[in-house]
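> Give me coordinates for this.
(chains A, B, C, D and E, ligands or ions: 4)
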Amino acid sequence: MEEYFDSTYIWESIPALLPYLKMTFFVAGLSVLFGSLLGLILAIMKLGENKVFQNIAHGYTTVLRCTPSIVLLFLIYYGVPAIAMNFGVNLNDMSSVFFVVITFTLQFGALMSEVIRSAYESIDRGQYEAAVSVGLSNMQAYRRIIFPQAFVVALPNFGNALLELMKEGALAYTIGLIDVMGKANLIIASNYNSHALEIYIGLSIIYWVLSIIIEQFFLKLERVFSKGNKGLKAA
Amino acid sequence: ESGTASSSDGDSASEVRTVKVAYDQSSKPISYLDDNGNATGYDVEVMKLVDELLPEYEFEYVGTTSEDLLIGVQQGKFQVGVKNAFWTEERTENFLYPEEFLGLSSIGLVLTNENAHIKTLEDFASEGFTLAPIAANNAQYTVIEEYNQENPDNPVKLQAGDQFSVDVIQWVNEGRVDGGVTIEGPFQKQVIAEDGPYHNLINDVVYNEFDVIKTWPLFNLDEQEFAAAYDEAIKQLKEEKKLSELSTEFYGRDLFEVLESVDR
Amino acid sequence: MDFEFLIDTFFVALTGVPVAILITVVSLAIALPLGFILALTRINKMLVLNQFSRVYVSFVRGTPVIVQIFIIYNSVPLLLASIFEKYNIQMDVYDVNPIWYALIVFSLNTTATLIEVFRSAINTVSKGQLEAAHSVGLTTVQAFRRIIVPQTLVVALPNICNATVNLIKATSLGYAMSLPEITLKAQVAANASYNYIEAYLDIFIIYLIICSLVEYLFKRLEKRLRKYQIAPTA
Amino acid sequence: MLEIKNIHKSFGDNIVLNGIDLKIEKGDVVVVLGPSGSGKTTLLRCINFLEKADQGQAIFGDTQVDLKKASKKQIYSIRKRTAFVFQNYNLFNNKTALENVTEGLIIGRKMTKEEANKIGKDALDKVGLFEKYDAYPGELSGGQQQRVGIARAVSLNPDIILFDEPTSALDPELVGEVLEVMKTIAKEGTTMLVVTHEMSFAKDVANRVIFMDGGVIVEEGPPNEFFQHPKEERTQRFLKRVLPEDYIYNI
Amino acid sequence: MLEIKNIHKSFGDNIVLNGIDLKIEKGDVVVVLGPSGSGKTTLLRCINFLEKADQGQAIFGDTQVDLKKASKKQIYSIRKRTAFVFQNYNLFNNKTALENVTEGLIIGRKMTKEEANKIGKDALDKVGLFEKYDAYPGELSGGQQQRVGIARAVSLNPDIILFDEPTSALDPELVGEVLEVMKTIAKEGTTMLVVTHEMSFAKDVANRVIFMDGGVIVEEGPPNEFFQHPKEERTQRFLKRVLPEDYIYNI
Ligand SMILES: Nc1ncnc2c1ncn2[C@@H]1O[C@H](COP(=O)(O)OP(=O)(O)OP(=O)(O)O)[C@@H](O)[C@H]1O
Ligand SMILES: Nc1ncnc2c1ncn2[C@@H]1O[C@H](COP(=O)(O)OP(=O)(O)OP(=O)(O)O)[C@@H](O)[C@H]1O
Ligand SMILES: [Mg+2]
Ligand SMILES: [Mg+2]
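Ligands and ions are numbered 1, 2, ... in the order given. Below you'll find the predicted structure:
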């Protein structure tokens, strides 16, 4: 094994890869933003009374859950312009980032709708009742009492969904987007496919460190926001 | 709307039309993104020369993966794509092949020295050897598949795989497989070149060419006019021996010398 | 859109289903018990194992599956080769069906997911259940087998379903290991004529069918296992 | 001051309230007793619109409201005149004790923070929680939480406070402290409608006891009469079951 | 029959049991009283090895066990001679009422299913649950669940049953049915060690009452004496707080 394995490739690849995290973050950031919005809308549909909306939202979640990201990515990347063409809109000049963001937004939205729904449902209905019984309006009750508590419940799952997204982002390379994964592939290609193992190890180290940072960050957030829920802090 | 295929009906010849040329960005030395982020490689450089000869066209190079390139050209996202593509009957339904080919590709078997006597796919197959997986969208895959269709009694064990996870030369040297298919360019750069990453294996592995094949740019089906313009330009380049120069530069050998014997 | 190709390729891709299912089933069969045991080591803070599973879970969860695939696919044979050489084992490392790599990758991956699933599920089963079992004279092993595990499973079921669906979807990345599963079969079929859109539609439909079916089966199973949790009727 | 007329409420086939009439004067302390499932909680919840009645009227002072068809505005205005103390406290988990009390004042009643804090601290002091202003619910014992709940209700200065078994989620030892607080408040003339199992509270503090069963009021009267000479057979059976044996012997 | 000597147990700095001695004869019904946090639960749990004591001896009939260093085998054998009734029932959620009772017999004692079912049904009949053999805990009321818990303990035919506040998680109305069952069992001569807040049970059924506070036994004696003439000031204070006011007046 020593014959081929050359760890210098690992250490050389890391600085070459790091700048491309920008693209990874950019895609993830936009997808999280739009995906959370979509998730919120879907969650509201699921929690609402309207059966049709409920079924639409649940159906959407099921379909998205059942579609491998790479397949979804291709369907969006080629399907959306094809459909748009029928309406006389030419999307072929759009950057591939656009389609990647749409894909991951759709996916993240499905994930988030479940996260938001379960967080909302985890808040005891008594909290809402108490809020209106002291004279808060519906909106006030949600804004001041329900949301801050549901937020804390949702945080860890949100963090998980974010991690998932960062990792899925690796697939964006298949449509030519150069993020860290794409750069790794380019490096390998420019070495004529040699020493791929070392480059991928370098790549995985970056992902790993990143995920640990995100995880810790969310743990911190959770601790900060859950101040009211800790039972044992002696007064 | 200069980007759409249908608008190319030369309404005014003075107007420069921008076309998107897709290239496989990870296929050194055929086409790739160099360390400075520029598109280069044999196929790309040829297209750059073509561009120079076509004042009414302005080429914009888009790097991508080969799969995306194929679908993108088909859909009209790109007007043309270069990825060392070979010609097959079925593909003519989805792509417009021009009259003139773009370059030549020497395709051969990578083998260990002890198997250096295997020169053809027939020999390889009769030995019962295993072959490194080839990405399904790679033309090499089609070449082997075609051989297998023509030789149903003596097929090569063909496996589809992924471009990045298979390092043909290393796999052959390790013995993970008995042989692999590759084109000559990369082998030159990896093993023969002094600074190649596998130069140390120069006495252990051999490259046995079994075919030289024409490679083609793939045009979107609606791009007849553009393809015709390309044909004019490339004819001129061939006459000027420009392509031979590029072949030598990128493949280490002027493949046009064996053009006579190329049958497809 | 080439409908004939669409339909033909659908059946070609369908022949990749058994491989996808095989990998899913075997990976689950390995990951379910292993995940449960490692979850226990984490809950009980068993020193070495606890640290090991933490690092392991963190790595697997922190890196993309496709990268794990590349690493395993490239490194395992190298490792094995050097081990075999050292101990003079006469076996061809390279005569290995890629399905073995797939099994390694996906088992490792699913185990990591299930460790976390079981960890939270076990925590929802109150400690009182174990104590009650002890108090009627069951040993710890008996208590786990008869009381704790059945209850944990029910709680964990939705998440196990999730993990299973993700696992099935992830097998689509098996193409990187030359695994003749659904995606690879469709891609190969598409190669001849470059009909990729149709191929991806086929893949989409097949995964949709399989995963919906799995979800449905899990819902049924959950309903059955949950029979003891019916709301009070009296 | 509060009059309820003919409340009906069913959940599916289950008729829970089957025509309840109730009149409460200012300063009254009315205790509602009844077996489990007799609709006591539902009655309180309907009065506060936490549950929508199928039929019925409520007359608050000079305003009359149809319990079924009340508009958002009417609901809102009635909720401002009532306060609710929940069995399981329902304190806002994400707010401190003081914030729990002031939330309704600042957001609901648009008071300034200073005013609200003053009222809130007074209310917490009154229930004996001087030192717990900044404690979160999770840091308080059950009895302390319920006292915050009472302070929250009292601070709103409502026309009537509705109590739903305010001590039944408490350990026996903590019951006393909450009952003490309730007595104090009752003595100050606050109007109260209390569902409870605490007979001693009913006897000592109530000026009227109501016994519900099967969705109707079976018997009502002043506590002395009610406990010592219950007229209805159903009431007698209930009292016998609820009061400890020797407790009855000793009366 | 059971003798406990000098149990000590701390959680971190918190000394919960500080040297408890206790002797229980066959047929005794001993009630343990004490304020919250005084270590009552911990005492029972240490006797049954649900908690490991820091120090102490237990003598069961002719076997003596060091509570700290007991081997797995000793623990197992002592658990076979005791049974535990938990405050919050702790029924096996995934088993029916009957399976809850037979689980320990079949798996722990290696009885055949028939034998176990017979014993189990007898036990359930005894606590008045003839018709609930196949109900899951989730389908039973709190009182019914606790009765299953008692049946589960009784069916093991242990030398002694340990009860930890078996009625405190119940609604007031359900308390009666569980106390009734406990009385029946006590009358059959079962040895019982009971932590409870139910004074009436202590008075009617116990032949000895123990008052714990701060990890030690403060006072003990027969119930009459204990309730009517408590000697220690701490005991008097406790009784005053726990018993309803007029209840004391009426004695
Ligand atoms: N949201 C609901 N949906 C369906 N049924 C309900 C609902 N709330 C209450 N009920 C039913 O209404 C009946 C009366 O319930 P309610 O809570 O008013 O009784 P209660 O007198 O307060 O009893 P308890 O003393 O046990 O609190 C019960 O049979 C209960 O099951
Ligand atoms: N597992 C534990 N870890 C730390 N402290 C504990 C633990 N269990 C009990 N304690 C502490 O030990 C003390 C005694 O608890 P224990 O439950 O024995 O009291 P108790 O007399 O049963 O009270 P109650 O009447 O409230 O049930 C309490 O201060 C409690 O906080
Ligand atoms: Mg109620
Ligand atoms: Mg206790």
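> Going by C-alpha atoms from here, please, whenever you check contacts or count neighbours.
Noted.
> Show me where chain C dips below the pLDDT cut-off.
Applying pLDDT under 70 to chain C flags the ranges C:1, C:91-95, C:229-234.
> quick check: longest helix of it.
Criterion DSSP state H: the longest helix present in chain C is helix C:196-225.
> And for D:S77, the neighbour number?
The number of residues packed around D:S77, counting by other CA atoms under 10 Å in any protein chain shown, is 12.
> so which helix or strand takes in it?
Following DSSP states H and E, one finds D:S77 within helix D:72-81.
> strands paired with the next helix or strand after that helix, and their directions?
Per DSSP H and E, helix D:72-81 leads on to strand D:82-85 as the next helix or strand towards the C-terminus. Taking DSSP bridges as the criterion, strand D:82-85 forms sheet pairs with strand D:160-164 (parallel).
> Can you list the buried residues in the strand it pairs with?
Within strand D:160-164, the residues that count as buried by 16 or more other CA atoms under 10 Å in any protein chain shown are D:160-164.
> what's the longest helix of chain C packed up against?
Contact here means 3 or more CA pairs under 8 Å, 6 or more residues apart in numbering or on different chains; DSSP states H and E; on that basis helix C:196-225 packs against helix A:69-86, helix C:3-14, helix C:149-170, helix C:182-193.
> Which of those sits closest to E:V181?
Comparison of these against E:V181 by CA to CA identifies helix C:149-170 as nearest, at 29.5 Å.
> now, among the buried residues of strand D:160-164, which is nearest to chain C?
Distances from chain C to those, taken as CA to the nearest CA, are shortest for D:D164 (22.1 Å).
> Can you tell me the centre-most residue of chain B?
With the centre of chain B defined as its mean C-alpha position, the nearest residue by CA atoms, centre = their mean is B:N84, 1.5 Å away.
> Nearest residue to that residue in space, ignoring adjacent ones along the chain?
The spatially closest residue to B:N84, leaving aside those adjacent along the chain, is B:T215, at 5.4 Å (CA to CA, 6 or more residues apart in numbering or on different chains).
> pretty sure the one you found is touching B:Y97, no?
No: here B:T215 does not reach B:Y97: they are 10.3 Å apart, not a contact under CA atoms under 8 Å.
> Out of the buried residues of strand D:160-164, the closest to chain B would be?
Minimum separation from chain B among these (CA to the nearest CA) is found for D:D164, which lies at 66.3 Å.
> quick one, what contacts residue 147?
Chain wasn't specified; assuming chain A. Under the criterion of CA atoms under 8 Å, 6 or more residues apart in numbering or on different chains, the neighbours of A:F147 are A:Y120.
> The intended chain is chain D.
Taking CA under 8 Å, 6+ apart as the definition of contact, the neighbours of D:R147 are D:124, D:127, D:129, D:178, D:181.
> Tell me how many other residues crowd the residue of the stretch 51-200 of chain B found nearest ligand 2.
Taking CA to the nearest ligand atom as the measure, the stretch 51-200 of chain B has B:S165 as its residue closest to ligand 2, at 53.3 Å. One way to gauge burial is a neighbour count; for B:S165, by other CA under 10 Å, it gives 26.
> need the contact list for it.
Shown in contact with B:S165 (CA under 8 Å, 6+ apart): A:193, A:196, C:70, C:73-74, C:176-177.
> ok, now with 7 Å
Listed by CA atoms under 7 Å, 6 or more residues apart in numbering or on different chains, the contact partners of B:S165 are C:70, C:176.
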